[in-house]
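# What follows is a predicted structure for the sequence shown.
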Amino acid sequence: MEVLQILEAEINLREDTRVAEQAKTAVEADEHNRQATQLSGTQEELRERIDKVTHRIRELKDGEAQFGKEIELLGAVQEVMIDAVEILGRPDTGSVAIAAETEVIELLLQSKRINPGGGGGGGANPGGGGGGDTTDAALALLGKGVNEKEVRENRDVTQTVGDSGPSLPEEFRAGLDEYFNQLERVGS
């Protein structure tokens, strides 16, 4: 759940970066620098949250063995986030910063493993996530505590509304679907 929240925050950060870049010519240089510094700080906070998630996965029984791929992927996320922190700190809110944030989003979409047959992600390996050998994501196992009476079930969700209107790219739809499925599970 935490990774899905980080994913949502990263998407918002990328949008804020785009807005800052578009407003660059309309604001004073000092104001743009302040905005970029603030965006850099937000990116650093998200990187710290990923670090905590990785640490919590490692603390799970056999966490390193069972979730090695996820730990490696989250390590890659952290590396790209460090680059984004530095880029935004220059201050640069242009295409290089947006590309780094997009790469973070794509890596986070690959990190989910609820559905072993499918996965998000883009770049050189579209749909490449979900290569694991379990039906639960390491990320889904991270909660505030252990609920001994918890019952997990993987329900297929069907679309109940039409297909009209603008369409999101597949990797965003998959990530959002997973996000809302997690919210439903938490609310139940």
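Received it, and whenever you're ready, just let me know what you need.

# got a list of what Glu86 touches?
The contact partners of Glu86, taken as CB atoms under 8 Å, 6 or more residues apart in numbering, are Ser40. Heads up, the C-betas are built off the backbone N, CA and C, glycines and all.

# I'd like the numbering to begin with 53 instead of 1 from here.
Noted, 53 is the first residue going forward, which turns the last one into Glu138.

# Could you measure from it over to Gln95?
For Glu138, the distance to Gln95 equals 9 Å [CB to CB, to the nearest Å].

# One more: Ala61?
Distance from Ala61 to Gln95, by CB to CB: 10 Å.

# More neighbours: which of these two?
Gln95 (29 against 15; other CB atoms under 10 Å).

# What count of nearby residues applies to the residue lying closest to Ala61 once chain neighbours are set aside?
Excluding the flanking residues, the one nearest Ala61 by CB to CB, 6 or more residues apart in numbering is Leu98, at 5.7 Å. For Leu98, the count of nearby residues is 24 (other CB under 10 Å).

# Name the residues of whatever helix or strand Leu98 lives in that are buried.
According to DSSP states H and E, Leu98 maps onto helix 81-111. Neighbour-count burial for helix 81-111, counted by 16 or more other CB atoms under 10 Å, picks out 84, 87-88, 91-92, 94-96, 98-99, 101-102, 105-106, 108-109.

# before we move on, back to that, now do the residue nearest to Ala61, the pLDDT please.
For Leu98, the pLDDT comes out at 94.

# Could you do the one 10 residues further on as well?
As summarised for this prediction, Arg108 has a pLDDT of 91.

# same check, this time on Ser92
Looking at Ser92, the pLDDT reads 93.

# Quick one: find the helix or strand in the protein with the lowest mean pLDDT.
helix 222-239 (a mean of 75; mean pLDDT, DSSP states H and E).

# Does anything pack onto it? Which helices or strands?
With contacts taken as 3 or more CB pairs under 8 Å, 6 or more residues apart in numbering; DSSP states H and E, helix 222-239 sits against helix 54-74, helix 147-162.
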